[in-house]
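Chemist: Just need the structure, nothing else, for what follows:
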Amino acid sequence: MGLKYSEPEILTECVTYAAAGMVTTREFISMAAWHFLEHPELRDRYMAASEAERTEMLHEVLRIEPVVGNLYRRATADIPLQSQGKSVVIPNGALINLHVYAANADQTVVGEEPLSLCPERKLNGDRIATMLMGFGDGTHRCPGSFLAIQETDIFLHRLLALPNLSIERPPTLTWNDISTGYELRKFMLKLEDKTA
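Modeler: Okay, the predicted model is just below:
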């Protein structure tokens, strides 16, 4: 069953996905580098870890630092909810604002110290991704999530292996209202030559 999109519409969609993926991955790489460089014990653990462990560490960084803060979706049917003893129905067609930061810090799921980076965090619940809503979920989950984590891991594993690498100037953190996410700018690293 064809949806009858034109070639320019398909191209526009592809370019949009590609650009969004590049921008969000760039921001995440910077954020993860900032965490690991500010916390040498995390950096050492990341560098000594297996690829699977490094992936879980990156998922934990993404959980506490999701690049996109809000996801907007339309209800495709009435959605009955129960929360704190109250019943609510989100009506079909309603715009839903999913606050990713709040969802990712829900103590009933992530436990104590929800805003701390804890690589061995145990989640409460079934079939919950370790980064929670960091890549969205369902049919609109980020299609490039695996690629973003792999690119981040490849880059950071090589960068953080450089001896005498440190932060010269922490990044300037700003908020982008269009993407509802953070932007890190003017992040300066230094590599000292201690042989001189």
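
Chemist: was I right about residue 175 contacting residue 101?
Modeler: No: taking Cβ atoms under 8 Å as the definition, residue 175 is not a contact partner of residue 101, at 11.7 Å. In this view, the C-beta of every residue, glycine as well, is placed from N, C-alpha and C.

Chemist: buried sites along stretch 10-26?
Modeler: By 16 or more other Cβ atoms under 10 Å, the buried positions in stretch 10-26 come out as 21, 24-26.

Chemist: I'd like to know how far residue 130 sits from residue 110.
Modeler: 10 Å (Cβ to Cβ, to the nearest Å).

Chemist: Looking at those two now, which is surrounded by more residues?
Modeler: residue 110 (25 against 17; other Cβ atoms under 10 Å).

Chemist: Tell me how far the more buried one lies from residue 92.
Modeler: Residue 110 is 31 Å from residue 92, where distance means Cβ to Cβ.

Chemist: for residue 157, same thing?
Modeler: From residue 157 to residue 92 the distance is 46 Å (Cβ to Cβ).

Chemist: So for those two, which residue has more residues nearby?
Modeler: In this view residue 157 and residue 92 are compared by other Cβ under 10 Å, and residue 157 has more residues nearby, 14 against 11.

Chemist: Can you classify that one by secondary structure?
Modeler: Here residue 157 is recorded as helix under DSSP: H, G, I helix; E, B strand; the rest coil.

Chemist: What is the burial count for residue 150?
Modeler: Other residues near residue 150 come to 15 when the count uses other Cβ under 10 Å.

Chemist: Quick check: phi and psi on residue 58?
Modeler: phi -70, psi -40 (degrees, to the nearest 10).

Chemist: on that earlier part again, neighbour count: residue 175 and residue 101, which is higher?
Modeler: Neighbours per residue (other Cβ under 10 Å) separate residue 175 from residue 101, with residue 101 holding more: 16 against 10.

Chemist: residue contacts, the more buried one?
Modeler: By Cβ atoms under 8 Å, 6 or more residues apart in numbering, the contact list for residue 101 reads 66, 69.
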